[in-house]
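Participant: show me how the following folds:
(2 chains, ligands or ions: 1)
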Amino acid sequence: MIKDIVIKAKTIKQELWVFLGVFIFAFCLNIYAILHYKTQWKELYTHLYIVVLLALAIYIVALVARSLYCIIRRSFSKKS
Amino acid sequence: MQDQDNSRRDFIKAAGVGGLGLVALSSPWLKVFGDNKANSKAASDKVRIGMIGVGSRGSYHLNYLKQMEQTDNIEVIGVCDNYQPHLNDAINITKGTAKGYLDYRKLLEVKDLDGVVIATPLHMHAQITIDALKAGKHVFCEKAMAKTIEECKLMVDTAREKGKILQIGHQRLFKPTYIKAIEYIRSGKLGKVTQIRAYWHRNNDWRRPLPSPELERQINWRLYREYSCGLMTELASHHIQVANWVLGKTPVSVMGTGSINYWKDGREVEDNIAVIYSYADGTQFVYDSMTSNKFYGLEQQILGDKGTMELETNKMYSENPPQPAGILQLVNDIEHGIFDSITVAGASWVPETAAKNKGEMICLDDKIDEGKLQLIGLVNAIRQNKPVPQLMEQGYYSGLWTLLGQQAIDEKRIITLPKEYII
Ligand SMILES: NC(=O)c1ccc[n+]([C@@H]2O[C@H](COP(=O)([O-])OP(=O)(O)OC[C@H]3O[C@@H](n4cnc5c(N)ncnc54)[C@H](O)[C@@H]3O)[C@@H](O)[C@H]2O)c1
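Facilitator: Model (predicted):
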């Protein structure tokens, strides 16, 4: 029998906070890049889509890493 | 006349100019599309044209002229060729509406003929042009202008004396990409232009199939010095004309070399040539042509300290292309930092190979056919009954310097222009 997966409101909220953190990080990277490469400030909005894509990419990588960490931790706690 | 106006408008749009005023200085012959006031002929009067030499290029013109009968109120009243099969083909193109002539002098006797389009082999350009001008006809003659510099000068003198139009078939003068490019160059977009390079490379023997062997010299006239100067007059003349146009001046000297080193088949003209033209300010035009490798095809490159143009392919490259957005550069650098192999010691020498930026198009709408436009220009000029500014001069100096380039190759020395040929 297929089990229903229940995602709690608390989890969703927590993930949204994580994504927001990642997005702010990517946004700061854009500011750093503009300063470092001496490009134009309008890239803050003209290249916002790149920031969103970058944030998504970082979030997905972080999600995979966090999931792996949970799985490993759970399997260790079961054994002990 | 609605269609004629349309073609003029399409052309101005394609050349990317808001009005002819912007290009009037660099391409003054385009005024012929702006001034519609007829002097000798009202727009409702037919312009009557004759074709002399209806081989490959002649039939190309004839097809356009036939189309223009519907749109530009002209009529092809006669076609002439001294080779019967070509004459028959031409009469067929006109569906029998034009009268055929084996002798061009008979065609020139036709009273209400306004102008002729000449597309014969090079050695006949001068004689036919001068006879036509003397008969009171306007002339469009294919490039190169003539086979000797004396003939070129005589053609100009006769046209001026008779007050008739003499247009040489350098179609790039009417090509929107070129017009736009010259406008950009004059506005400083490429910075200081100090060199122009051009090449025309083919990998074939340049021969046409012969119906019978005794027609060799008649059909393959390009390969024999009695009729042509080969690669210089048949190909290089186009790029020499553009170089002069780009720089707005003519060279002061030319040196060159050439040989027959591949097609040793009895031809008398070189199968490879290289020439360097120098202008008064030290600018060079470096040109070469060959017939045993076609990898690079043809191109004309304008090299300035701020950018480069490749006219044949409608491309323009900046020396300092706009850099990508900062975030993209950062991602790219991180990627390279992670994935590129780490060199133990940094490279002390980096090969200065060609830049690889994609560049941009010079002219966004270049579909309009310059071959037809130059004929529309001719018809307009005939209606206006006055020489088109600078058009004959473009053909003259291109023809002249083409022949001086050939002389440099033949005589293996630097050639300058004799003063009496300055017009
Ligand atoms: N502007 C261009 O891009 C371009 C392209 C091709 C050719 N051309 C020029 O056009 C001219 C013709 O070239 P082509 O390839 O059509 O050559 P072609 O040999 O195909 O045609 C020349 C025609 O002229 C005819 N002819 C020769 N002597 C004549 C005379 N005395 N009276 C009447 N007809 C005569 C020949 O029989 C032939 O039919 C050349 O000057 C060539 O340089 C220009």
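
Participant: which parts of the helix ranked longest in chain A are buried?
Facilitator: Criterion DSSP state H: the longest helix present in chain A is helix A:48-79. Under the neighbour-count criterion of 16 or more other C-beta atoms under 10 Å in any protein chain shown, helix A:48-79 has A:50, A:51, A:54, A:55, A:58, A:59 buried. Any C-beta I mention is one placed from the backbone N, CA and C, and that applies to glycine too.

Participant: show me which of those is closest to chain B.
Facilitator: residue A:50 (5.1 Å; C-beta to the nearest C-beta).

Participant: any low-confidence regions in the chain?
Facilitator: This is for chain A. A:1, A:79-80 (pLDDT under 70).

Participant: wrong one, I was asking about chain B
Facilitator: B:1-22, B:35-40, B:42-44, B:341-350.

Participant: identify the residues contacting the residue nearest the centre of chain A.
Facilitator: For chain A, residue A:59 is the residue whose C-alpha lies nearest the centre (C-alpha atoms, centre = their mean; 2.1 Å). Shown in contact with residue A:59 (C-beta atoms under 8 Å, 6 or more residues apart in numbering or on different chains): A:18, A:19, A:22.

Participant: who's in contact with whichever residue of chain A sits closest to chain B?
Facilitator: Chain A approaches chain B most closely through residue A:33 (3.4 Å), counting by C-beta to the nearest C-beta. By C-beta under 8 Å, 6+ apart, the contact list for residue A:33 reads A:39, B:325, B:326, B:327, B:329, B:330.

Participant: got the residues of chain B near the ligand?
Facilitator: By C-beta under 6 Å from any ligand atom, the residues of chain B that approach the ligand are B:52-58, B:80-83, B:86, B:104, B:119-122, B:124, B:142-143, B:169, B:171, B:234.

Participant: list the ones among these that fall in helices.
Facilitator: B:56, B:57, B:58, B:86, B:104.

Participant: just list the residues touching the second one, thanks.
Facilitator: Yep, that's residue B:57 we're talking about. Residue B:57 neighbours (C-beta under 8 Å, 6+ apart): B:119, B:142, B:169.

Participant: what's the distance between it and residue B:122?
Facilitator: From residue B:57 over to residue B:122 the distance is 12 Å, taken as C-beta to C-beta, to the nearest Å.

Participant: and what of the third one?
Facilitator: Taking C-beta to C-beta as the criterion, residue B:58 is separated from residue B:122 by 14 Å.

Participant: please name the residues that touch the residue in the stretch 201-350 of chain B positioned nearest to the ligand.
Facilitator: The minimum distance from the stretch 201-350 of chain B to the ligand, using C-beta to the nearest ligand atom, falls at residue B:234 (5.1 Å). The neighbourhood of residue B:234, defined by C-beta under 8 Å, 6+ apart, consists of B:122, B:144, B:222, B:228.

Participant: same check on residue B:315?
Facilitator: Per C-beta under 8 Å, 6+ apart, neighbours of residue B:315: B:309, B:359, B:360, B:361, B:362.

Participant: which strand residues bridge it?
Facilitator: residue B:310, residue B:361 (DSSP bridges).

Participant: surely residue B:319 and residue B:308 touch.
Facilitator: Yes: counting by C-beta atoms under 8 Å, residue B:319 does reach residue B:308; the two are 7.5 Å apart.

Participant: which residues in the stretch 51-200 of chain B form strands?
Facilitator: B:74-80, B:99-101, B:115-118, B:138-142, B:166-169, B:193-201 (DSSP state E, counting those that start in this stretch).

Participant: now mean neighbour count too, for those strands, in CSV please.
Facilitator: Formatted as CSV, the strands of the stretch 51-200 of chain B follow (neighbours: other C-beta atoms under 10 Å in any protein chain shown):
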stretch, mean neighbour count
strand B:74-80, 24
strand B:99-101, 18
strand B:115-118, 26
strand B:138-142, 26
strand B:166-169, 26
strand B:193-201, 19
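
Participant: rebuild the ones you listed as CSV, extending it with distance to residue B:184.
Facilitator: As requested, the strands of the stretch 51-200 of chain B are exported to CSV (distance: least, C-beta to C-beta, whole Å):
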stretch, distance to residue B:184
strand B:74-80, 34
strand B:99-101, 45
strand B:115-118, 32
strand B:138-142, 28
strand B:166-169, 25
strand B:193-201, 11
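
Participant: neighbours of the closest residue to the ligand within the stretch 51-200 of chain B, just the number please.
Facilitator: Distance from the ligand to each residue of the stretch 51-200 of chain B (C-beta to the nearest ligand atom) is smallest for residue B:55, at 2.0 Å. By other C-beta atoms under 10 Å in any protein chain shown, the residues close to residue B:55 number 19.

Participant: what's the closest non-adjacent residue to it?
Facilitator: residue B:86 (5.4 Å; C-beta to C-beta, 6 or more residues apart in numbering or on different chains).

Participant: which element, helix or strand, includes residue B:301?
Facilitator: Assessed by DSSP states H and E, residue B:301 sits inside strand B:298-304.

Participant: wait, residue A:24
Facilitator: helix A:9-37.

Participant: residue B:254 now?
Facilitator: If you go by DSSP H and E, residue B:254 is part of strand B:253-259.

Participant: who does that strand pair up with?
Facilitator: Counting by DSSP bridges, strand B:253-259 is paired with strand B:272-278 (antiparallel), strand B:415-416 (antiparallel).

Participant: mean neighbour count added to the ones you listed, as CSV?
Facilitator: CSV is the format used below for the strands paired with strand B:253-259 (neighbours: other C-beta under 10 Å):
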stretch, mean neighbour count
strand B:272-278, 21
strand B:415-416, 16
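
Participant: as CSV, the ones you listed with distance to residue B:110 would be great.
Facilitator: Converted to CSV, the strands paired with strand B:253-259 look like this (distance: least, C-beta to C-beta, whole Å):
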stretch, distance to residue B:110
strand B:272-278, 41
strand B:415-416, 41
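
Participant: nearest to residue B:71, out of the ones you listed?
Facilitator: strand B:272-278 (39.2 Å; C-beta to C-beta).

Participant: who touches the helix or strand that that closest one is followed by?
Facilitator: On the C-terminal side of strand B:272-278, the closest following helix or strand by DSSP H and E is strand B:284-290. Residues outside strand B:284-290 that contact it (C-beta under 8 Å, 6+ apart) are B:194-202, B:231, B:235-236, B:239-240, B:243, B:247, B:251, B:271-279, B:405.

Participant: gap between the residue of chain A closest to chain B and residue B:46?
Facilitator: On the measure of C-beta to C-beta, residue A:33 and residue B:46 end up 67 Å apart.

Participant: which non-adjacent residue is nearest residue 50?
Facilitator: In the absence of a named chain, chain A is used. Closest to residue A:50 by C-beta to C-beta, 6+ apart is residue B:327, at 5.1 Å.

Participant: that was the other one, I meant chain B.
Facilitator: residue B:78 (4.2 Å).
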